[in-house]
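Sequence first, predicted model second:
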Amino acid sequence: MTTWITICDTCKCDNWDQGDMALTDGERLAALIEAEDLGDVKTRRTSCLMGCKGACNVAVQADGKLAYTLGQFTPDKEAAEAIVGYAKLHAESESGQVPYRTWPQGVKGHFVTRHPPVPKDG
């Protein structure tokens with residue numbers, strides 16, 4: 001089963017309007033994540049994960065596994081590397097739970113929610 005990084009491409013950090021405003025911070029983060037070596041992880045963009053108070057937001061999810069929402073990232077290469085690194089560990093995990101000691105430093109302190117897998121019908 002595929003682990004997905006869903007990236008909010010409408011996120012704007014508090015100081016967004018002080019930059020060139022050509023792209024949202026979410027678009028910047030999405031481009032950086034998409035440029036990483038993703039391995040078997042896939043990405044998709046969405047307009048709004050509803051975490052506006054803590055932009056930039058992503059979700060890491062796969063069918064039958066725990067899913068996570070992470071936020072309050074700066075749209076930079078370090079954040080992109082950490083998000084992709086965590087998603088790869090999520091992909092390797094049978095349940096989606098990744099031992100804390102293996103988390104990339106750049107995702108620590110960025111977890112917002114954890115969701116149990118959606119029950120299978122029947």
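That came through, no problem. Residues are numbered from 1 along each chain as shown.

For the residue nearest in space to the middle of the chain, give me phi and psi.
Geometric centre of the chain, nearest residue: residue 58, 3.0 Å, by CA atoms, centre = their mean. Backbone torsions of residue 58, given as degrees, to the nearest 10, read phi -140, psi 160.

Give me the number of neighbouring residues for residue 40.
Residues within reach of residue 40, counting by other CB atoms under 10 Å, total 11. For glycine as for every other residue, the C-beta is placed from the backbone atoms N, C-alpha and C.

With residue 82 instead?
Other residues near residue 82 number 19, with proximity taken as other CB under 10 Å.

Apart from its neighbours in sequence, what residue is nearest it?
Spatial nearest neighbour of residue 82, excluding adjacent residues (CB to CB, 6 or more residues apart in numbering): residue 106 at 2.6 Å.

Test my guess that that neighbour contacts residue 77.
No - at 9.9 Å, residue 106 does not count as touching residue 77 under the criterion of CB atoms under 8 Å.
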